[in-house]
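Student: Sequence below, structure please.
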Amino acid sequence: MDKRLFGVGIMASAGVLNAQDSAVELRTELRDLQSDYESRIALLEAKIRELEASESGNSNPRKIAAARNQTVEAPHPADKPDLPGAITRGNTEVRDIARESDFNKRLEQRVGDVLEDFVEINGYFRAGYGRSDKGGPMRAFGAPGVAKYRLGNETENYGELVFSKTFYTPGYFSDATANATDPVASFVYRLSFVNPYDDYGSSADTDFGSPEIWGALENVIPGLPEARFWAGERFYRRHDIHINDFYFWDMSGGGGGLEEIPLGPGSFAVAWIGNGRESGIYERNLIADPLNVAGFSKSTIDFRYYDWDFLGGKGEVGLAVSLADSGVDANGLRAEDSEGVALVLVKTDEDFLDDESLHRASLQIGTGPAKTFTSGFETFTNSIGTFIRPDPNESWRFRATDQVIVKPWEQLGLGSALVYQYTDFGDNTDPQQWASGGIRPIWFFNDAVNLAFEAGVDWLSDSSLGSGGTIGKLTLAPQVALGEGFFSRPVLRAFVTYALWGGGLQGSIGGPDYAGEENGWSWGLQMESWW
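Tutor: Sure thing, here's the model as predicted:
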């Protein structure tokens, strides 16, 4: 036999043997992978049966859903296990509970994909420029001490950037390996800035702040995985009216508490929240020095019961107990300490007419320092300076609000606001009333171009702590936006605004440019976006 043929035969035989060996190895690896996969599935099924058995009579859908959805690889953001997650926005502000635009959904998912869910980023921004008919920078037209209607009436650039991070155990940086029974921690940091138009672009007049720095821990109480401990400084269950940017119930501040405790048909929360600032000591018959300040502190224990079925919507009721204390100024003067309570009821009805509608109404009554319905203090300005407004024990306030966001026709969106407030200051001064009504219709020409109009009226009665009178504001704003919804953002708008007020408010609206006037114009351009 030819030696070359013999060599070729040997090599061919070796190749066949090598191929057979490789096939055997591949089959072995495949069987090992299949066995490992089946073991994982069996382990998960056992965990599900264990959870279902241990939670019978008191089901725990979060844990069961988490076990069912755990996978070998990190899941897509849309298919994550139902584990506690990052807390970046609340579910009480109007724009957060309204239907989210398709653009915002895509943007949020895109950001998550790029960052691989290592950190979550959210934000709000508005910026632009405006002028007034007096030749100076744009001035806001609003009654003193109360909310103003915001469209074409915001005289500053403003923004917030929110970073949040969720920590899982044992993976710490991923929910792919998280155990549904392990604690989950979240951290939130919010950076804000504001730059007024009257010093446009000046770094010296741009104020930065950190209104939120807080952390939370949940899944730590046996049988109550939803219950969340938190501490730090945060926006705490704020309720607002969108078109006049009025936060009628805002207990934001520093402190801590426990929330999301299941109780009957709803959830319960309790928090201790505080605030502090400095002010000159105001006494009615004393000419005080506004630069000779004392320290003020306020502490509130806030109880909430929320997300229960109420008259076709969801209800939230709150009880707050507030204590306000004063230090002394350089002259040894001290303001009177006070205490008070507040009771608040809010009804929110989502999708009450269609899937883009929302109705919210509230009733509030409070005494002493609790009558602000906030964690902080109210201020007032007179010819001497700006002071913290006194809150004696006998002072009280009643407030009722109502707002609607609705899209009755395909081409029309509508937002409204109604407010009535009565305040008795309790120090032998005249009480003051505030009534406000406004509406913002938006006509959609297509999914990008629309025309917004806003009309708002505010009336204040006279009191010794503030001027009285009526102001009306009208704004016309052609806009381009991504989508044809009331909350479609980003939006670019041009605007022209006209305001008219009575003589009782002369000198208290529009700053020095309008000190002797009873009407004014402004115009400009603005962008607004959030996600």
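Student: alpha carbons only for contacts and neighbour counts from here, please
Tutor: Will do.
Student: shaky segments in the stretch 151-300 of the chain?
Tutor: Within the stretch 151-300 of the chain, the ranges that satisfy pLDDT under 70 run 170-180, 283-288.
Student: all strands of it, in order?
Tutor: For the stretch 151-300 of the chain, the strands defined by DSSP state E, counting those that start in this stretch occupy 156-168, 184-196, 207-218, 228-234, 239-241, 246-249, 253-263, 266-280, 293-310.
Student: quick one: which of those is nearest Gly135?
Tutor: Nearest to Gly135 among these is strand 184-196 (16.3 Å), distances taken as C-alpha to C-alpha.
Student: picking that back up, can I get the strands of the stretch 151-300 of the chain in CSV including distance to Arg95 and mean neighbour count?
Tutor: Listed next are those as CSV, based on distance: least, C-alpha to C-alpha, whole Å; neighbours: other C-alpha atoms under 10 Å:
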stretch, distance to Arg95, mean neighbour count
strand 156-168, 15, 20
strand 184-196, 18, 20
strand 207-218, 18, 18
strand 228-234, 18, 20
strand 239-241, 9, 21
strand 246-249, 13, 18
strand 253-263, 21, 19
strand 266-280, 22, 20
strand 293-310, 17, 20
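Student: Present the ones you listed as JSON lines; the columns should include distance to Glu484.
Tutor: Output for the strands of the stretch 151-300 of the chain, formatted as JSON lines (distance: least, C-alpha to C-alpha, whole Å):
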{"stretch": "strand 156-168", "distance to Glu484": "24"}
{"stretch": "strand 184-196", "distance to Glu484": "28"}
{"stretch": "strand 207-218", "distance to Glu484": "32"}
{"stretch": "strand 228-234", "distance to Glu484": "32"}
{"stretch": "strand 239-241", "distance to Glu484": "21"}
{"stretch": "strand 246-249", "distance to Glu484": "24"}
{"stretch": "strand 253-263", "distance to Glu484": "34"}
{"stretch": "strand 266-280", "distance to Glu484": "34"}
{"stretch": "strand 293-310", "distance to Glu484": "29"}
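Student: closest to Gly524 out of these?
Tutor: strand 156-168 (11.8 Å).
Student: Give the next helix or strand downstream of the helix or strand of the chain with the lowest mean pLDDT.
Tutor: Scoring the helices and strands of the chain by mean pLDDT, DSSP states H and E places helix 61-69 at the bottom, with a mean of 38. Per DSSP states H and E, helix 61-69 leads on to helix 94-97 as the next helix or strand towards the C-terminus.
Student: wait, isn't Glu518 in contact with Gly503?
Tutor: Yes - if you go by C-alpha atoms under 8 Å, Glu518 and Gly503 touch, sitting 6.6 Å apart.
Student: nearest residue to Gly130 other than its sequence neighbours?
Tutor: Nearest residue to Gly130, sequence neighbours excluded (C-alpha to C-alpha, 6 or more residues apart in numbering): Gly524, at 4.0 Å.
Student: repeat for Phe310
Tutor: Among residues not flanking Phe310 along the chain, Lys347 sits closest, at 7.1 Å (C-alpha to C-alpha, 6+ apart).
Student: Likewise for Asp329?
Tutor: Ala294 (4.4 Å).
Student: what does Asn122 give?
Tutor: In space, Asn122 comes closest to Val162 once its chain neighbours are excluded; the distance is 5.0 Å by C-alpha to C-alpha, 6+ apart.
Student: What residues are bridge-paired with that neighbour?
Tutor: Val162 forms beta bridges with Asn122, Arg190, as assigned by DSSP bridges.
Student: ok, now which ones touch it?
Tutor: Contacts for Val162 (C-alpha atoms under 8 Å, 6 or more residues apart in numbering) come out as 88, 121-123, 188-191.
Student: where's it relative to Tyr306, distance?
Tutor: Distance of Val162 to Tyr306, computed by C-alpha to C-alpha, to the nearest Å: 25 Å.
Student: And for Leu363?
Tutor: Taking C-alpha to C-alpha, one finds Leu363 at 15 Å from Tyr306.
Student: Ok, Pro137 next?
Tutor: 44 Å.
Student: try Ser252
Tutor: 17 Å.
Student: same question, Phe193
Tutor: The value you get for Phe193 to Tyr306, if C-alpha to C-alpha is used, is 32 Å.
Student: next one: Tyr129
Tutor: From Tyr129 to Tyr306 the distance is 41 Å (C-alpha to C-alpha).
Student: Repeat that for Glu378.
Tutor: Going from Glu378 to Tyr306 by C-alpha to C-alpha gives 27 Å.
Student: And for Ile384?
Tutor: Separation of Ile384 from Tyr306 (C-alpha to C-alpha): 43 Å.
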